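In: What follows is a predicted structure for the sequence shown.
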Amino acid sequence: MDRRRFLLALAAGLAGTAVIRGADGLGDALAPVADAPTPPARPPGATAAAAVPGTVPQLPPVGVVDALPGEGTALALSIDDGTSTEVVAAFARFAADSGVRMTFFPNGRYRSWEDNAPVLRPLIESGQVAMGNHTWSHPDLTTLGDQEVAEEIRRNRDFLRTTFGVHDSPFFRPPFGARDERTDRIAADLGHPTIAMWNGTLEDFRVLTAEELMAAARRWFNPQTIVVGHANHPAVTTVYGQLLELIAERELRTVTLADVWATPGQRLRGATALGRLTVP
């Protein structure tokens with residue numbers, strides 16, 4: 001099977017229409033699929049939930065979430081930091097080529113996000129990619145004063161707005177997972193009431209081999225799991241095909257956090273994008 005047909009089949013499988021087994025790893029998975037069909041455009045700001053059949057997002061909770069609610073086959077891939085322009089670029093191409101849905105938590109201090117904004121913006125506007133706040137420079141917030149915590153969150157919030165047009169993401173992920181009631185309250189005051197933790201990990205907060213990373217994926221790619229990974233080290237860019245195979249073999253469905261929890265504004269835009277709302 002050639003690469004284009006394999007990627008399109010995998011994308012279909014992840015949407016619930018097929019399950020792919022026994023495919024080879026994608027050694028060239030980062031190259032664009034030049035002749036793949038172009039999906040229909042949706043208006044900027046359309047929420048991810050609008051593109052997931054049968055998914056009705058809940059209102060974002062106030063407080064900590066560390067798993068997807070209820071029962072099902074959803075898998076939320078969430079990617080933090082972005083110290084490497086090349087790795088962020090690879091993730092963006094991975095999403096564009098495969099149709100995988102994911103949530104990014106950038107630190108705005110890294111130029112990787114601005115460098116790759118032209119590729120990421122259409123994915124955000126279509127709802128395939130969601131964004132959350134991870135602070136501007138990735139400090140341990142529990143060691144900072146209130147004003148310093150607020151500045152880290154505010155500066156990154158403004159970065160998400162100006163760089164990606166993200167105005168109402170409810171999600172905040174504290175660096176290192178270091179949080180307390182004080183930092184949660186400040187994040188909520190600045191527009192991020194939902195503290196997005198995780199219950200699975202690619203374990204790539206450190207440098208891993210491809211084999212170690214896949215071992216982590218096999219352990220943690222399970223239904224209703226929020227998996228955290230990082231756009232820092234290159235090993236993950238060599239195993240995208242294997243990750244897709246694993247998702248398909250386990251019959252998981254990738255979702256963004258905004259597919260699961262959406263603000264009223266996000267839900268309204270999603271309904272309008274699908275023509276579900278009639279305004280007299």
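Out: Structure received.
In: For residue 136, which residues are in contact?
Out: Counting by CB atoms under 8 Å, 6 or more residues apart in numbering, residue 136 touches 107, 108, 109, 151, 152, 153, 155, 156, 159. Any C-beta I mention is one placed from the backbone N, CA and C, and that applies to glycine too.
In: Could you rerun that using 7 Å?
Out: 107, 108, 109, 152, 155, 156, 159 (CB atoms under 7 Å, 6 or more residues apart in numbering).
In: Ok, residue 75 next?
Out: 221, 225, 227, 247, 252, 253, 254.
In: phi, psi of it?
Out: For residue 75, the backbone dihedrals (degrees, to the nearest 10) come out as phi -130, psi 120.
In: Now it: closest residue in space, sequence neighbours ignored.
Out: residue 252 (4.3 Å; CB to CB, 6 or more residues apart in numbering).
In: do the same with residue 59
Out: residue 261 is the one closest to residue 59 (CB to CB, 6+ apart), at 6.9 Å.
In: re earlier: in terms of contact, does the residue nearest to residue 75 touch residue 73 like I think?
Out: Yes: between residue 252 and residue 73 there is a contact at 5.4 Å, judged by CB atoms under 7 Å.
In: who's more crowded, the two?
Out: Applying other CB atoms under 10 Å to residue 252 and residue 73 shows that residue 252 carries more neighbours, namely 21 against 14.
In: which two in the contacts of residue 75 are spaced the farthest apart?
Out: Using CB to CB, the two most remote members of the contacts of residue 75 are 227 and 253, lying 13.5 Å apart.
In: how far does the one helix or strand residue 77 maps to sit from the chain's center?
Out: If you go by DSSP states H and E, residue 77 is part of strand 74-81. Put simply, strand 74-81 sits 5 Å off its chain's centre (CA atoms, centre = their mean, to the nearest Å).
In: So what are the sheet partners of it and their directions?
Out: Its sheet considered, strand 74-81 pairs with strand 102-106 (parallel), strand 225-230 (parallel), strand 253-254 (parallel) by DSSP bridges.
In: closest to residue 147 out of those strands?
Out: The stretch from the strands paired with strand 74-81 with the least distance to residue 147 (CB to CB) is strand 102-106; that distance is 22.4 Å.
In: next SSE after that closest one?
Out: Taking DSSP H and E, what comes next after strand 102-106 is helix 111-115.
In: Show me what that next one is packed against.
Out: helix 85-98 (3 or more CB pairs under 7 Å, 6 or more residues apart in numbering; DSSP states H and E).
In: Okay, buried residues for the helix it packs on please.
Out: For helix 85-98, burial by neighbour count (16 or more other CB atoms under 10 Å) applies to 85, 87-98.
In: ok, back up a step: a markdown table for the contacts of residue 136, including distance to residue 117?
Out: Formatted as a markdown table, those follow (distance: CB to CB, whole Å):
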| residue | distance to residue 117 |
| --- | --- |
| 107 | 14 |
| 108 | 11 |
| 109 | 15 |
| 152 | 21 |
| 155 | 17 |
| 156 | 15 |
| 159 | 11 |
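In: Low-confidence stretches in this structure?
Out: 1-55, 268-280 (pLDDT under 70).
In: What separation do you get for the residue nearest the centre of it and residue 212?
Out: Centroid-nearest residue in the chain: residue 103, 1.3 Å away (criterion: CA atoms, centre = their mean). According to CB to CB, to the nearest Å, residue 103 stands 23 Å off from residue 212.
In: How about residue 159?
Out: Note on residue 159: its distance to residue 212, by CB to CB, is 32 Å.
In: what do you get for residue 195?
Out: Taken as CB to CB, the span from residue 195 to residue 212 is 28 Å.
In: Check which residues of the longest helix along the chain are buried.
Out: The residue-count maximum for a helix in the chain (DSSP state H) belongs to helix 146-164. Within helix 146-164, the residues that count as buried by 16+ other CB under 10 Å are 149, 150, 152, 153, 154, 156, 157, 159, 160, 163, 164.
In: show me the residues around the fifth one that make contact.
Out: Taking CB under 7 Å, 6+ apart, we find residue 154 in contact with residue 190.
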